[in-house]
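# Give me a 3D structure for the following:
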Amino acid sequence: MGRRRGAGKHVVVLGATFTLVGITGQALAGAEWQVLVSRVVMGAGEAAVFSGALPWVWRQFPPHRRGSASGLFGLSMWSGLALGPLVASVANLAGERAAWLLLAALGTGSLGFVLGCPSSGPVRLPPLRLRTLRVRGAAAPSLMFGLAAYGYGTLSAVLVLYLDSGPGGSVLGLPIFAGTFLLIRIAGSRVVDRVGGRTVAAASLIVEALGFVVIVGTDSAAGALIGVALVGGGCSLAFPAAVSVAISRSPRHAAGTAVAGMTSFWDLGILTAGVGGGLLAMTFGHRAAFVGALVAAIVGLVVALSPVRDGTPQSDARGSKDA
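Modelled structure (predicted):
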């Protein structure tokens, strides 16, 4: 383990390099396939940055504080997603080239910042084998996290269209979701370490499900936006809660791998919601898509409350078993 302590930084450096290559490739692309390849490279880089940075952050905190540390760390990604389009739009006023130059500068700055951080010495990464990607204890929190993400994906795909078609307030829908998400994440991340990830995960999914019940059951813009706020509040703590559960149920040496695999279920949930929610909306109407998200949240709640069967539990934030 001592020789692998620097793995987090090395993975982040590799990911930041891939991200910069992907940005440059899109800026210079002359054909659609080149854009596609560049975006794949950039996506792989961003995934590596997140997956490598989180275990790196964990090493700065004792185990009983890793739930809140994960929640606050996740704010960096969400802040970037919130501010990125605005910054790029402002830069684009000076021309497309200026926007790409800004993105390249940000990517270069990220890489330079990581390279300037102290290294923990040489690292020898273990060989990659398929069996190392499956970690005991990670299945349930991964599924729970993906089902929570389905709700966010449904709102992203359908909410604006739904509000435009009837209740109104489409301009406020996603900002209210994002604002509630960030506020609850900032205020509530420490709660995960106090009461346990499983409890917070269950409560989050209940709030998310309640939000979709409100959206489906109201005809007013105010009611729909209240439902959106509830969904945002429910989704906000899904990540730190799932991280806490994954850590408590996985072998200690594989915690980083468990969480890295778990985070991919967020993207999978959003992808599934985009396709599934869109099909439900086209076939049965917009509210059917929200009913689908409600069902996903309920299934996620069942998973969160299910007994541990897929791993060896460890002590949770309170010193008991998070099971």
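
# so what's Leu159 up against?
Ser170, Gly173, Leu174, Phe177, Val228 (CB atoms under 8 Å, 6 or more residues apart in numbering). All C-beta atoms are positioned from the backbone trio N, CA, C, and that covers glycine.

# Please apply the same query to Val207.
Counting by CB under 8 Å, 6+ apart, Val207 has contacts Leu230, Val231, Gly233, Gly234.

# how far away is the closest residue to the third one other than its chain neighbours from Trp266?
This points to Gly233. The spatial neighbour of Gly233 that comes closest, neighbours along the chain excluded (CB to CB, 6 or more residues apart in numbering), is Ile184 at 4.7 Å. According to CB to CB, to the nearest Å, Ile184 and Trp266 sit 17 Å apart.

# next one: Gly95
Computed as CB to CB, the Gly95 to Trp266 distance reads 34 Å.

# cool, Thr199 as well?
21 Å.

# give me the low-pLDDT residue ranges for the stretch 1-150 of the chain?
Where the stretch 1-150 of the chain drops to pLDDT under 70, the residues are 1-8, 58, 63-68, 71, 78, 81-82, 85, 118-137.

# The residue positioned nearest the centre of the chain sits in which helix or strand?
Closest residue to the average C-alpha location of the chain: Trp266 at 5.4 Å, with CA atoms, centre = their mean. Using DSSP states H and E, Trp266 sits in helix 255-284.

# Leu237: neighbour count?
By the criterion of other CB atoms under 10 Å, Leu237 has 29 neighbours.

# so what's it scoring on pLDDT?
Leu237 is assigned a pLDDT of 89 by the prediction.

# Who are the contact partners of the residue nearest to it when sequence neighbours are not counted?
Take Leu237 and drop its neighbours on the chain: the residue closest to it by CB to CB, 6+ apart is Ser204, 4.8 Å away. The neighbourhood of Ser204, defined by CB under 8 Å, 6+ apart, consists of Ala148, Gly234, Cys235, Ser236, Leu237, Ala238, Ala241.

# how about a cut-off of 10 Å?
Neighbouring residues of Ser204 by CB atoms under 10 Å, 6 or more residues apart in numbering: 144, 148, 184, 188, 192, 233-242, 297, 300-301, 304.

# gap between it and Leu301?
9 Å.

# swap in Ala47?
Ala47 is 27 Å from Leu301, by CB to CB.

# Comparing the two, which shows the higher neighbour count?
Per other CB under 10 Å, whichever of Ala47 and Leu301 has more neighbours is Leu301, with 21 against 17.

# Can you give me the pLDDT of the more buried one?
pLDDT, Leu301: 95.

# Would you confirm that it contacts Leu205?
Yes. At 4.2 Å, Leu301 counts as touching Leu205 under the criterion of CB atoms under 10 Å.

# before we move on, the earlier item: take the contacts of Val207 and keep only those in helices.
The helices, defined by DSSP state H, take in Leu230, Val231, Gly233, Gly234 from the contacts of Val207.

# Compare the residues you listed and tell me which is most surrounded.
In terms of neighbour count, Val231 stands highest of the ones in helices among the contacts of Val207 at 32 neighbours, by other CB under 10 Å.

# my guess is that one meets Glu208, correct?
Yes. With contact defined as CB under 10 Å, Val231 counts as touching Glu208 (5.3 Å).

# shared neighbours of the two, anything?
Joint contacts of Val231 and Glu208 (CB under 10 Å, 6+ apart) are Ala148, Gly151, Tyr152, Ala293, Leu294, Ala297.

# In TSV: those, plus distance to Ala104, secondary structure and neighbour count.
Below are these laid out as TSV (distance: CB to CB, whole Å; DSSP: H, G, I helix; E, B strand; the rest coil; neighbours: other CB atoms under 10 Å):
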residue	distance to Ala104	secondary structure	neighbour count
Ala148	34	helix	32
Gly151	35	helix	30
Tyr152	29	helix	23
Ala293	37	helix	31
Leu294	42	helix	22
Ala297	40	helix	27
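
# Pick out the most distant pair among the residues you listed.
Greatest spatial distance in the shared contacts of Val231 and Glu208: Tyr152 and Leu294, 13.4 Å, computed using CB to CB.

# shared neighbours, the two?
Glu208, Val231.

# hmm, back to that, looking at the ones in helices among the contacts of Val207, spot the one nearest Leu36.
Nearest member of those to Leu36, counting by CB to CB, is Val231, at 31.7 Å.
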